[in-house]
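S.K.: Sequence plus predicted model, see below.
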Amino acid sequence: MKENKSIIVLIVILCIAFNLKAQVNIIPRPTKMEMQQGNFVLNSDTKIISGKATSAEAGFLAGILEKGLGKTPIIKKKGEGILLKIDKNLSSQLGKEGYLLEVTERGVTIRAQTNTGIFYGIQSLRQILPSGFEFTSKDEIIKIPCIKITDEPRFSWRAFMLDEARHFQGMQTVKDLLDEMALLKMNTFHWHLTDDQGWRIEIKKYPKLTAIGGFRKDSQKTRNHPEDLEGIPHSGFYTQKQIKEIIRYATERHIEIVPEIEMPGHASAAITAYPWLGVLGKRTEVPVVVGKLEDSFNVADPRVYKFLEDVLKEVFALFPGEVVHIGGDEVRFEAWKNSEMMQNFMKEKDLESPADVQIYFTNKISNFIDGTNHRMMGWNEILGYNVHEWQQDADFGVKQELAKSAIIHFWKGDIDLIKTAVSSGYDVVNSIYWDTYLDYNYEAIPLSRAYNFDPIPNGLDPKYEDKILGTGCQLWTEWVSTREKLDNQVFPRLAAYAEVGWTAKSQKNWETFQKSLIEMEKRWKQKGIKYAVEVEK
Ligand code: ACM
């Protein structure tokens, strides 16, 4: 009889545990979740308890709860409800982005050392609520299971990159993406704003950048077929006022924007607007085809440095973040090699090869950026190694050494180059293309491959692990001309990359992720996000 009783108790406990577990589907998966018995009842009388220090996050939470509760919850300084509390003593345990979330029968408490931690606690709370809660306007009573979550990210750099040069997507799409990033606790929006096929940010001192560089007559429709054109013009750019609006929106979501202004290659749109910027300067219209185009900035000309510094000054006046991305990838060297001015420049500066010229140029830009209390980031070509099969014959003799303050954005080449970079003192963000490029189809990068990516390369000496700041996933948009295509490429893989960036390796679990994704996909569906459904998992 006693034994029977024990078995029944055990079954009840297991049922409760299973039931609770089944209800908590947070992406990215938190560091620690302890289920407890009981529920907190959320209803239209529930209040948010917040002081001045967390008033912005309280306002955000009120906006989130409004629809499901049928009214905007009251925000009060004292009492019971959902308490948001900055707790400086948590610093040693949970770092700058960590939080504690505790649901008891009496209320919900989110504690963190910073506002960002509070914000992330709110994102977890959102995911504990039923997935339809934020979308259905009915005065429902919701039972939240009692739980204690202790959480902090694995990496400090958790980025998503959007290329708006190839196809301009516009303000609403950017805001929608920022919303999804925030829910997934991604903290860096890498905004690729200039390239050969378009210049998308207003620069007041050089208005032709957008007036000319923001427009192209046509677009290449299929890979490897430059003759196959869409037959329609493409244009668009952000005014500085619109950029400020997007920055405000991102800041409210604790997302820092890293703008990318490409130099010295991928610069045809700028060179079309101001031909003296180029070595050839022959271009009369913004390219309609994609690829590695022949002209680059003429870095032997002092006017080019003045131009880039002017542009960067306007960029810094807009963006509050520390880091600016200067591209630096895929520079074709033929134009530099065939330029008499460049040959003289190389002699004068004792530069060995075009690769050496690029490092010299990049260091000058880095020096300027450092002097404005910012930090330069660039694709890994800025280190001066040859990583391209199409450049096998190029001369890569280098005498210069890249400034150590540079953040290396690793995307191509032998993975051991990451080890070389970190052991030489550089910080690295790992965005190796075969694991993190969102423009690749699901055959090349299935969801499981995205999920299983580890930004720390195999065999890296543990003493260098903290030199890997984190990871980014990148949507290049040569072939992404519609919102539907964008959604299909980005979702659901964005959720996998969010977990790569946030969740401790020991906590990652593919089966649990897949289960949690079902709830996330319900949300996306209600928002009209056309996530890929036929993904090979
Ligand atoms: C790149 O994909 N060219 C960075």
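M.R.: Looks like it came in fine.

S.K.: switch to C-alpha atoms for all contacts and neighbour counts from now on
M.R.: Will do.

S.K.: Past the helix or strand of the chain with the lowest mean pLDDT, which element shows up next along the chain?
M.R.: Every helix and strand of the chain was ranked by mean pLDDT, DSSP states H and E. The lowest is helix 2-23, at a mean of 53. Reading on from helix 2-23 to the C-terminus, the next helix or strand found by DSSP states H and E is strand 32-42.

S.K.: Can you list the buried residues in that following strand?
M.R.: 33, 35-36, 38-42 (16 or more other CA atoms under 10 Å).

S.K.: What is the nearest of those residues to V422?
M.R.: Distance to V422 across those (CA to CA) is lowest for M33, with 33.7 Å.

S.K.: so that closest one makes contact with C146?
M.R.: No - taking contacts as CA atoms under 8 Å, M33 lies outside contact range of C146: 10.6 Å.

S.K.: now the residue nearest to N25 when sequence neighbours are not counted: how far from S235?
M.R.: The shortest distance from N25 to any residue other than its chain neighbours is 4.5 Å, reached at S516 (CA to CA, 6 or more residues apart in numbering). Separation of S516 from S235 (CA to CA, to the nearest Å): 39 Å.

S.K.: do E519 as well
M.R.: Taking CA to CA, one finds E519 at 37 Å from S235.

S.K.: now L229
M.R.: 15 Å.

S.K.: Who has more neighbours out of these two?
M.R.: Using other CA atoms under 10 Å, the more surrounded residue of L229 and S235 is S235, with 21 against 14.

S.K.: what helix or strand is the closest residue to E285 other than its chain neighbours on?
M.R.: Sequence neighbours aside, T272 is the residue nearest to E285 in space, at 5.8 Å (criterion: CA to CA, 6+ apart). According to DSSP H and E, T272 maps onto helix 268-273.

S.K.: Remind me what that helix packs against, helices and strands.
M.R.: strand 194-195, strand 198-199, helix 208-211 (3 or more CA pairs under 8 Å, 6 or more residues apart in numbering; DSSP states H and E).

S.K.: That helix: what's the following helix or strand?
M.R.: Per DSSP H and E, the helix or strand that comes after helix 268-273 is helix 302-318.

S.K.: how about that next one as PDB, C-alpha atoms only?
M.R.: Output of helix 302-318 as PDB, limited to C-alpha atoms (Å, rounded to 0.1, in the frame of the first residue of the first chain):
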ATOM      1  CA  PRO A 302      44.400  62.200 -50.400                       C
ATOM      2  CA  ARG A 303      41.000  63.400 -51.500                       C
ATOM      3  CA  VAL A 304      39.700  59.900 -51.000                       C
ATOM      4  CA  TYR A 305      40.700  59.900 -47.300                       C
ATOM      5  CA  LYS A 306      39.100  63.200 -46.800                       C
ATOM      6  CA  PHE A 307      35.900  61.900 -48.300                       C
ATOM      7  CA  LEU A 308      35.900  58.800 -46.200                       C
ATOM      8  CA  GLU A 309      36.600  60.800 -43.000                       C
ATOM      9  CA  ASP A 310      33.800  63.200 -43.900                       C
ATOM     10  CA  VAL A 311      31.400  60.200 -44.400                       C
ATOM     11  CA  LEU A 312      32.500  58.500 -41.200                       C
ATOM     12  CA  LYS A 313      32.000  61.700 -39.200                       C
ATOM     13  CA  GLU A 314      28.400  61.900 -40.300                       C
ATOM     14  CA  VAL A 315      28.000  58.200 -39.600                       C
ATOM     15  CA  PHE A 316      29.400  58.700 -36.100                       C
ATOM     16  CA  ALA A 317      27.100  61.700 -35.500                       C
ATOM     17  CA  LEU A 318      24.200  59.400 -36.200                       C
END
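
S.K.: Tell me where the stretch 301-450 of the chain has strands.
M.R.: 323-325, 375-379, 407-410, 427-430 (DSSP state E, counting those that start in this stretch).

S.K.: Most tightly packed of those strands?
M.R.: Scoring those by mean neighbour count under mean count of other CA atoms under 10 Å gives strand 427-430 as the most buried, with a mean of 27.

S.K.: What's the mean pLDDT across that strand?
M.R.: For strand 427-430, the mean per-residue pLDDT is 98.

S.K.: partners of it, with directions?
M.R.: Applying DSSP bridges, strand 427-430 is found paired with strand 407-410 (parallel), strand 468-475 (parallel).

S.K.: closest to V533 out of the ones you listed?
M.R.: Using CA to CA, the strands paired with strand 427-430 put strand 468-475 closest to V533, at 18.3 Å.

S.K.: Toward the C-terminus, what is the element adjacent to that closest one?
M.R.: That would be, after strand 468-475 and using DSSP H and E, helix 483-490.

S.K.: What is the very next helix or strand once past that following helix packed up against?
M.R.: Next along the chain after helix 483-490, taking DSSP H and E as the criterion, comes helix 493-502. Secondary-structure packing of helix 493-502 (3+ CA pairs under 8 Å, 6+ apart): strand 157-163, helix 447-452, strand 468-475.

S.K.: who touches the last one?
M.R.: Strand 468-475 is contacted by residues 155-163, 422, 427-431, 436-439, 455-456, 489-490, 494, 497, 501 when judged by CA atoms under 8 Å, 6 or more residues apart in numbering.

S.K.: Dump that strand to CSV, keeping only the CA atoms.
M.R.: C-alpha atoms of strand 468-475 as CSV (Å, rounded to 0.1, in the frame of the first residue of the first chain):
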residue,chain,number,x,y,z
ILE,A,468,36.1,35.1,-30.1
LEU,A,469,33.5,37.8,-29.4
GLY,A,470,30.7,35.8,-30.9
THR,A,471,29.0,35.3,-34.2
GLY,A,472,26.9,36.9,-36.9
CYS,A,473,24.5,35.5,-39.5
GLN,A,474,24.3,37.4,-42.8
LEU,A,475,21.6,37.9,-45.3
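
S.K.: Extract the residue ranges of the stretch 51-200 of the chain that are flagged as low pLDDT.
M.R.: Where the stretch 51-200 of the chain drops to pLDDT under 70, the residues are 91, 138-140.

S.K.: can you pull out the strands in it?
M.R.: Using DSSP E, counting those that start in this stretch, strands in the stretch 51-200 of the chain cover 75-76, 82-86, 99-103, 108-112, 142-151, 157-163, 188-192, 194-195, 198-199.

S.K.: and of those, who's closest to D329?
M.R.: Using CA to CA, the strands of the stretch 51-200 of the chain put strand 194-195 closest to D329, at 10.9 Å.
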